[in-house]
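Trainee: Please find the sequence and the predicted model below.
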Amino acid sequence: MEKPNLEYINQLARGEEDVKNTLIAVVKEEYPIELENYFKSLENGNFKDIEDQVHRIKHKFSILGLEISYNKAVDFELSLREGELNKDQKDDFETTLKSITKFLKTI
């Protein structure tokens, strides 16, 4: 399984520590809110709301260097758009969420 990292953030920052810290701060601020909204939308069972949350969160995947997980999230989002809640896709997505949650506590 791929692991979250700061490689892409470091590329974007191009050695500017302030830029790097700002990008990290944005991810750390937005992610918990998006995570909470994702689980609330699951409780409500509204596929459109779940899809919207997956769409928002998947961008954190790419920012944190999770290209494979990002592509899987795109597939999950498309399934939701078609009215299907695929258990395997959901489980993969949530495994990545756990990985990101742990990672963000270390940076």
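Mentor: Okay, I see it. Keep in mind the model is a prediction, meaning the values are calculated, not measured. Numbers count the residues shown, from 1 in each chain.

Trainee: Return the list of helices and strands in contact with the helix ranked longest in the chain.
Mentor: Determined from DSSP state H, the single longest helix within the chain is helix 17-44. With contacts defined as 3 or more CB pairs under 8 Å, 6 or more residues apart in numbering; DSSP states H and E, helix 17-44 has these neighbours: helix 7-13, helix 47-63, helix 87-104. The way it works is simple: take the backbone N, C-alpha and C, and place the C-beta from them, glycine included.

Trainee: try it again with 6 Å
Mentor: helix 7-13, helix 47-63 (3 or more CB pairs under 6 Å, 6 or more residues apart in numbering; DSSP states H and E).

Trainee: among the ones you listed, which is nearest residue 27?
Mentor: Residue 27 lies closest, by CB to CB, to one member of the helices and strands packed on helix 17-44: helix 47-63, at 6.0 Å.

Trainee: Just the residues contacting that closest one, thanks.
Mentor: Contacting residues not belonging to helix 47-63 are listed as 8, 27, 31, 34, 37-38, 41, 69-70, 73, 76-77, 80-81, 83 [CB atoms under 6 Å, 6 or more residues apart in numbering].

Trainee: tell me what whichever helix or strand comes after it is packed against?
Mentor: Where DSSP states H and E defines the elements, the next helix or strand beyond helix 47-63 is helix 67-81. Contacts defined by 3+ CB pairs under 6 Å, 6+ apart place helix 67-81 against helix 47-63, helix 87-104.

Trainee: can you tell me which of these comes nearest to residue 14?
Mentor: Among the helices and strands packed on helix 67-81, the nearest to residue 14 by CB to CB is helix 47-63 (15.3 Å).

Trainee: Just the buried residues of that closest one, please?
Mentor: 47, 49-58, 60-61, 63 (16 or more other CB atoms under 10 Å).
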